[in-house]
Structure formats: C-alpha cells, structure tokens
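*Asks:* Turn this into a model:
(one chain, ligands or ions: 2)
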Amino acid sequence: MGAQAAGPLVLGVDSSTQSTKTLVVDAETGVVVARGQAPHTVGGGPGKESDPRQWWEALGEALAQCGDAARQVSAVSVAGQQHGLVTLDAAGEPVRPALLWNDVRAAGHSERLIAERGGARAWADRVGSVPGPAFTVAKWAWLRETEPAAAAATAAVRLPHDYLTGRLTGEAVTDRGDASGTGWWASATGAYDTEILAHVGLPPEALPRVAQPGEAAGTVHAGELPLPRGALVAAGTGDNMAAALGLGLRPGQPVLSLGTSGTVYAVSTHRPADPTGTVAGFADARGDWLPLACTLNCTLAVDRVAALLGRDREAVEAGGEVVVLPFLDGERTPNLPGASGLVHGLRHDTTAGQLLQAAYDGAVFALLRALEQVLDADAAAGAPLLLIGGGAKGRAWRETVRRLSGRPVVVPAAQELVALGAAAQAAGLLLGEDPAAVARRWGTARGTEYEARPRDDAALDRLTTTLTDADTLLRH
Ligand SMILES: Nc1ncnc2c1ncn2[C@@H]1O[C@H](COP(=O)(O)OP(=O)(O)O)[C@@H](O)[C@H]1O
Ligand SMILES: O=C(CO)[C@@H](O)[C@H](O)COP(=O)(O)O
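*Replies:* Ligands and ions are numbered 1, 2, ... in the order given. Model prediction:
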C-alpha cells in the first residue's frame, strides 16, 4: 500500500465516545490508504464511564485492521473525546474508569465552583468558559467529594487523547485545544490556572505539559502496537479541534457535527468569553479559538426514539404538531442536566413517523439555537453549514438541518474528519506545514452542496414555546 503513495504515510486517530477510528493517510495527497474501527463500552450506571485501557486495546484492534500500512507511518496524532477525567496512580494505571464528557453527576459541583470563584462572568473572562458538569474541573471536584480514596490515589490526571499519547510516547503532553476544556487552563493567559488548581486541590505536577501548536509530543516508544518505533507523535487534540483541522477551517465557517454529541462551532480570531455558559470558549489546535456549543442528546437519542417506535431511522413523516425534546441523558445546551425526554402535543392522528421526525427536530433545534451565539464578528455571512459526524450520512438528519436552519448545507465527501484532522496534524508536523493548510491541500471539505430551503419557523416556534413552558419539568 505504502508503495502506491505519493508521499510519506501518517496516522490519524479518533478516540471518540463510541469507538476508535484510525486512518492511514498519504501525507502528500490526503488519500486514505487504510482504515480501522473498534468499539468502546460506555457503562457506569447513572453516570457515563469507560475504562481507558479499553481505548488502548481498541487502538490496537483498529490498527490491526490497517494491515501493513500502519507499520509504515512516519508520524502519528491522536484526537479524542474532550473533557474526560482520566485518573492514574503512581504506576500509571487507571485508578478507576474515566468519567466521560456526558456524565452529568457533577452538576452540583459545577454550580458550587462557579459561585465559589466569582460567578459566571469571572470564569468566562478568565478561563473562557463557564465550567458546566462536562468540564474536567467539575468532575475532579465530584471525585474528591464522592470517592476521596480514588482522588487520594491519583498521581496524574489526563484527558483521553493525552492518556493515549502518553502510552505511545512515554511523555506527559497535551495541547491547548483539549486543555481548554478542563476548566483549569486559562484562555486569558494560555497556561494552567494555579489558583483554580489550588482551589480544587490538584497539584500542577499531576498534569501534562501543554505543547505549543506545531510542537511534537515525542516519538513512538511503545512496542505493543503495530507502529514503527521512533515515528514522530504530534501533540494531538480534542475531537472537535481535530475536525476543525480536518476541514481546514478558516475563521467564521460554521460547522454542525452530529455524533454521540451534537456540536456547533467555528474558528475565531477573537477569544470567546460567554457568561451565559452556552458557548464554550475553547482554544483551537493552531493558536486561534473555537467557540462551540455542545448537546448531550444527538444521534444516540434519536436512534433510541426510532428503536422505541420500531422504525428505521430514516422512516420519518412530515406534518402534525407534536414536539419532542429528546433530552434522554439530561442536557447541556440548554443547561438542564436533570432533564429527561419530553413529548408534547400528541394527538390521535399523530403518526409514528411524525413522532420520530419531531425527535430529529428537537435535537437539531437545540444546536441551531446556540449557533447564533457561537458565531461572532468573524462569521462568514451566508456561508453554508458544514455538516459532519456519523449523522451527516443520514438523509433525515440532513433534511432536518436544512429545514430548521434555512441555510445552505455542505456534506463533505470525506467522512472521518476527526481522524483526518489528526492525520493532518501529523502531516503538518512531519512536513513543517500548517495542518489546516495541509487539509485544504487535501480538499477534505469538498462535498455535495444542498441549497437553502425556507426555514420552518412554525416548528421552531413550537419548540421554543414548549421549552419555555416545560421549564419546571425539565429542571428535575
Ligand atoms: N448512515 C447513517 N445515517 C444516519 N446516522 C448514522 C449513519 N451511520 C451512523 N450514524 C450515526 O452516527 C453515530 C456515530 O457518529 P460518530 O460521529 O461516529 O460518533 P462519535 O464520534 O461520537 O462516537 C451513531 O450514533 C449513528 O446514529
Ligand atoms: O464534550 C464535547 C465537546 O465539548 C463532545 O463533543 C465530546 O468531545 C465528545 O465527542 P463525540 O464522541 O461525540 O465525538
């Protein structure tokens, strides 16, 4: 396979919530020469937890599917689900399963932290984000109070992507993109915030070094994976930051990602600081910013409604006035961690297909409501929405986004944009290029463009009214 490539090969990894995906890519052309995928298990009873060792095993399985191509890569980069709290003991073994981004048990701790340190405005100004229950700092506060023995046994704290990078290289390194989702990295200074760390009793020595954009984390030293020892390893980043690289985004181009999480974001040259907490003020992996809003209930929630109705996920029907707020896991945007799903407006003539369509509408509405807040002065007026993630393969998702956004939509032909972005970061490191420019050279954002349709304001009004009127129910 390597013999057919025009340039050196690089490996991009996406260790996301449901699976690990690996792409071996020709660094010159962006052609994918091999791919692999292996599933993860999410458990934890009322919470959401995964064993970090399973991510490492899944990486091995996905690489095995890449065959000989994996053994020929010159550079590697790992992107991963954001925010997860990985706690390691002095021997580098997980103290307990990782608490994932969509675990809402830290909701009370998040509220307390916000109040204890000056309120939402102060957090937004300093950290860039108001730390909701997704943020690592809230999860660490939860762990210290709920499982003090586990917190005491913790010698090192990692995020999912830097746990894997650490096992590959033996180095404790993260990047500004993923660090910006912890709540203890201040976007105002571009460094760990020692006052916040002291407040939550976490010694800075427990954290990885934050690499500069374009800096390497190290080289492959682990012998257990089918990768060449000595291959360069980039710093990696969070999955959304990696997708931004993978699309070669320029400031202001809006992206809507439909996966386990739903996200809307755009690269910006302005440091975000939203005191309402809707927009997370993330850093991107290059030196700019990535204002982003995230929902907890996206593809899995709608697939669950389809399964309950016994219907294929594409078997939607238009019409009717039923409203579904599919907040099966609690919700982050809007910030309703205790919410459950809600159906309103059910009638004798409501069909199962309309009920399923209403679940899509509810999931997409929550994202589009946040889009205007995400877009800032850099927003490219009239730019199409780039639609990515597993859901972008589905017609019902695409048509719902078109109908509720009223915007043109582009679905890139390239599918695994997180892994592709990691590959672009690896190629950028290897070739001394800007990774976003690498992705643009590869043409990753090219795809089918769907023209704008008139926006369905009646459906949006029904959803807005239901959300407002059901506020009390959704807070429990
Ligand atoms: N052909 C398809 N049509 C619609 N949705 C799909 C299709 N294939 C996969 N999906 C959805 O994609 C989701 C996985 O998306 P992905 O972006 O890979 O998730 P994550 O990266 O969060 O683990 C699944 O939950 C599934 O609902
Ligand atoms: O928490 C966020 C963003 O802030 C999520 O987007 C996670 O990064 C998980 O991503 P997926 O597994 O859905 O890709």
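
*Asks:* Average pLDDT for stretch 422-439, rounded please.
*Replies:* Averaged across stretch 422-439, pLDDT comes to 98.

*Asks:* distance between the ends of it?
*Replies:* Distance across stretch 422-439, first residue to last, is 10 Å (C-alpha to C-alpha, to the nearest Å).

*Asks:* Next, the buried residues of that stretch.
*Replies:* Neighbour-count burial for stretch 422-439 flags 422-431, 434-436, 438-439 (criterion: 16 or more other C-beta atoms under 10 Å). Just so you know, the C-beta spots here come from the backbone N, C-alpha and C atoms, and that holds for glycine as well.

*Asks:* quick one, what contacts residue 439?
*Replies:* Applying C-beta atoms under 8 Å, 6 or more residues apart in numbering, we find residue 439 in contact with 30, 245, 246, 247, 248, 420, 421, 424, 445.

*Asks:* Closest residue of the protein to ligand 1?
*Replies:* residue 390 (2.0 Å; C-beta to the nearest ligand atom).

*Asks:* now that residue: how far from residue 41?
*Replies:* Distance from residue 390 to residue 41, counting by C-beta to C-beta, to the nearest Å: 18 Å.

*Asks:* Over to residue 232?
*Replies:* Applying C-beta to C-beta to residue 232 and residue 41 gives a distance of 31 Å.

*Asks:* neighbour count winner among the two?
*Replies:* Taking other C-beta atoms under 10 Å, residue 232 and residue 41 do not tie; residue 232 has more neighbours (19 against 12).

*Asks:* Get me the contact residues on the stretch 151-300 of the chain for ligand 2.
*Replies:* Proximity of the stretch 151-300 of the chain to ligand 2, by C-beta under 6 Å from any ligand atom, involves residues 181, 238, 239, 240, 259, 260, 261, 263, 280, 294.

*Asks:* Narrow those residues to those in helices?
*Replies:* Counted as lying in helices by DSSP state H, out of those, are 239, 240.

*Asks:* Looking at the residues of the stretch 151-300 of the chain next to ligand 2, which one is closest to residue 334?
*Replies:* Residue 334 lies nearest to residue 294 out of these, by C-beta to C-beta, at 11.6 Å.

*Asks:* In contact with the nearest residue to residue 272 once chain neighbours are set aside, which residues are there?
*Replies:* Nearest residue to residue 272, sequence neighbours excluded (C-beta to C-beta, 6 or more residues apart in numbering): residue 281, at 3.6 Å. For residue 281, the contact set (C-beta under 8 Å, 6+ apart) comprises 124, 127, 128, 129, 180, 187, 271, 272, 273, 274, 289, 291.

*Asks:* Could I get the pLDDT score of residue 5?
*Replies:* Here, the pLDDT recorded for residue 5 equals 82.

*Asks:* quick one: contacts for it?
*Replies:* Going by C-beta under 8 Å, 6+ apart, the list of residues near residue 5 reads 26, 28, 29, 31, 33.

*Asks:* Relative to residue 448, how far out is it?
*Replies:* Counting by C-beta to C-beta, the gap from residue 5 to residue 448 is 27 Å.

*Asks:* what does residue 296 give?
*Replies:* Per C-beta to C-beta, residue 296 is found 29 Å from residue 448.

*Asks:* if we can go back for a sec, what is the burial count for the residue of the chain closest to ligand 1?
*Replies:* Using other C-beta under 10 Å, residue 390 is surrounded by 20 other residues.

*Asks:* mind pulling up the phi and psi values for it?
*Replies:* According to degrees, to the nearest 10, the main-chain angles of residue 390 amount to phi -50, psi -40.

*Asks:* For it, which non-adjacent residue is closest in space?
*Replies:* Using C-beta to C-beta, 6+ apart and skipping the chain neighbours, the partner closest in space to residue 390 is residue 259 (5.3 Å).

*Asks:* My guess is the one you found contacts residue 392. True?
*Replies:* No: using C-beta atoms under 8 Å, residue 259 is not in contact with residue 392, being 9.0 Å away.

*Asks:* Now residue 429: which helix or strand?
*Replies:* For residue 429, the host element (DSSP states H and E) is helix 417-431.
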